[in-house]
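K.L.:
Kindly return the folded structure for what I paste below:
(one chain, ligands or ions: 2)
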Amino acid sequence: MKIGSQQHRDTFCRHFLQTYTAYDPRTLPWPELDAAALERLKSVPFWEEVFYTERRAGAIVKAFTETVSDPVLREAIELQGFEEARHAELIRVMIEKYGIDAAERPLEDVSDNVETRFKDFGFGECMDSFLGFGVFKIAMQSQFLPKEMFTIFETLMYEETRHIVFFVNWMAYVQARKGLVARALLPLTSFRYYMRALGRLIGTARRGAELNDGKEFSATQASVFLDGFTFRRFLEDCYSENRRRMDSFDADLLRPSFLPQLAETALGAMRLWSFRTKPLPA
Ligand SMILES: [Fe+2]
Ligand SMILES: [Fe+2]
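P.N.:
Numbering: from 1, shown residues only. Ligands and ions are numbered 1, 2, ... in the order given. Here you go, the predicted structure:
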């Protein structure tokens with residue numbers, strides 16, 4: 001299949017529409033939590049940020065949808081906007097149900113440079129999801145919350161995976177339509193956007209650390225999560241989870257490759273390093 005062809009466009013848009021899941025955040029099987037689980041849920045320091053990010057995502061994708069004239073692309077992007085708004089709704093329901101301390105911050109104005117915003121957002125999602133896959137696996141393995149909660153969040157993770165697969169295909173499609181040069185420059189363009197996404201992620205982490213100064217993720221909660229945590233294990237989880245989740249997608253579709261490749265290289269270097277630093281048997 002030629003990237004940038006009508007067949008390519010129809011394939012990634014059709015796949016996106018066909019894998020839609022219907023649900024209402026209010027009627028999901030939210031579990032009753034015992035005191036310890038409730039305390040753990042409330043202690044997570046980033047719910048306010050997640051709530052804001054999902055609301056902002058809904059606003060950006062909605063604004064971008066109005067600028068898209070191709071009806072096939074438009075239908076798919078409109079659905080993504082709907083799903084982002086539903087993520088925000090899901091987080092809102094959770095905050096209200098469990099009495100989580102997370103304020104609804106006023107949204108920034110997203111009405112200018114919508115295409116750049118959409119691209120920044122898309123690359124940001126690729127980065128957040130890749131790291132999120134690892135965090136999700138570690139949280140699930142450590143039984144940080146009851147499994148009914150993870151089942152609900154699994155729906156959200158699957159949707160984010162669909163979004164990033166859609167996004168990398170859309171990006172490649174758009175670049176290919178602009179011509180050979182733009183298409184050849186795609187890796188460089190992606191690299192630039194990934195660097196911007198990384199910059200924003202670091203900014204968010206810093207702001208979060210300042211905001212949570214004092215009311216930090218308490219040491220006991222963190223230890224449930226971080227028992228046996230190493231950076232290498234985390235990266236391995238991100239990498240293998242990414243692979244597992246991406247394997248369920250149509251082989252014809254492009255998938256995000258920048259971060260998985262980077263992680264593969266880093267893991268290869270770490271393995272080599274630990275092999276070399278291990279003393280030889282006597
Ligand atoms: Fe989302
Ligand atoms: Fe998303």
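K.L.:
quick one, what contacts the residue of the chain found nearest ligand 2?
P.N.:
Proximity of the chain to ligand 2 (CB to the ion) peaks at His163, 3.6 Å away. For the C-beta atoms, the positions are set from N, CA and C on the backbone; glycine is no exception. Applying CB atoms under 8 Å, 6 or more residues apart in numbering to His163 gives the contacts Gln80, Glu83, Glu84, Gly122, Glu125, Ser129.
K.L.:
could you say which helix or strand contains it?
P.N.:
helix 147-178 (DSSP states H and E).
K.L.:
Next secondary structure element downstream of the lowest-mean-pLDDT helix or strand in the chain?
P.N.:
When the helices and strands of the chain are compared on mean pLDDT, DSSP states H and E, helix 219-226 comes out lowest with a mean of 63. Next in sequence after helix 219-226, counting helices and strands by DSSP H and E, comes helix 231-247.
K.L.:
and that following helix, average pLDDT?
P.N.:
Confidence over helix 231-247 (mean pLDDT, whole number) is 94.
K.L.:
Please spell out which residues along that helix are buried.
P.N.:
Neighbour counts over helix 231-247 (16 or more other CB atoms under 10 Å) mark Phe234, Leu235, Glu236, Asp237, Cys238, Tyr239, Glu241, Asn242, Arg245, Met246 as buried.
K.L.:
again, but for stretch 137-156
P.N.:
Neighbour counts over stretch 137-156 (16+ other CB under 10 Å) mark Lys137, Ile138, Ala139, Phe144, Leu145, Met149, Ile152, Phe153, Leu156 as buried.
K.L.:
Surely the first one is in contact with Asp237?
P.N.:
Yes - using CB atoms under 8 Å, Lys137 and Asp237 qualify as a contacting pair, with a distance of 4.7 Å.
K.L.:
any idea how far Asp70 is from the closest residue to Ala76 other than its chain neighbours?
P.N.:
Spatial nearest neighbour of Ala76, excluding adjacent residues (CB to CB, 6 or more residues apart in numbering): Cys13 at 4.3 Å. Distance of Cys13 to Asp70, computed by CB to CB, to the nearest Å: 9 Å.
K.L.:
Which residue does the stretch 51-200 of the chain have closest to ligand 1?
P.N.:
For the stretch 51-200 of the chain and ligand 1, the shortest gap (CB to the ion) falls at His87, measuring 3.7 Å.
K.L.:
And that residue, what's its pLDDT?
P.N.:
We have a pLDDT of 97 for His87.
K.L.:
wait, what's in contact with it?
P.N.:
Glu54, Ala57, Gly58, Leu156, Glu159.
K.L.:
host element of it?
P.N.:
Per DSSP H and E: His87 is located in helix 71-98.
K.L.:
next structured bit after that helix?
P.N.:
Using DSSP H and E, the first helix or strand after helix 71-98 is helix 114-141.
K.L.:
what about that following helix, near ligand 1?
P.N.:
No - Helix 114-141 stays clear of ligand 1 (CB under 5 Å from the ion), getting no nearer than 7.4 Å.
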